[in-house]
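**Q** Structure for the following, please:
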Amino acid sequence: MAQNKDRDTTARAEAARKGSPFLTTAQTAHYLRIPMRTLDSLTEKGEGPPFRTHGRLKCFHIAEIDAWSEEHKRRSTRRRSCRGKA
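**A** Just a heads-up that it's a prediction; the model follows:
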């Protein structure tokens, strides 16, 4: 059942990308392969991809999602430490 839901979400995201440049929060989270709660948390803190509101709906432009993702790519999983810096 979960696989069907994932396929449906993927299909909707692909169709949206072909027909409209805007994705919903659910589609954007699926596209980025992160939980919706994580995306909501990032946008609340101003750390997520830019979005627009169309009525009450949060919409993410596919080009801005890709740009945001590109800006956040890393070469290591090691976290930077602020220790020892004055």
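**Q** and the worst-scoring helix or strand of the chain on mean pLDDT, what other elements does it pack with?
**A** Of all helical and strand segments in the chain, the minimum by mean pLDDT, DSSP states H and E falls on helix 2-19, at a mean of 72. If contacts are counted by 3 or more C-beta pairs under 8 Å, 6 or more residues apart in numbering; DSSP states H and E, helix 2-19 sits against strand 22-23, helix 25-32. (C-beta placed from N, C-alpha, C; glycine too.)
**Q** Go again with 10 Å.
**A** Contacts defined by 3 or more C-beta pairs under 10 Å, 6 or more residues apart in numbering; DSSP states H and E place helix 2-19 against strand 22-23, helix 25-32, helix 62-71.
**Q** Residue 3 is nearest to which of the ones you listed?
**A** helix 25-32 (13.3 Å; C-beta to C-beta).
**Q** between the closest one and helix 2-19, how big is the angle?
**A** Going by axes from the mean of the first three to the mean of the last three C-alpha atoms, to 10 degrees, helix 25-32 is angled at 100 degrees with respect to helix 2-19.
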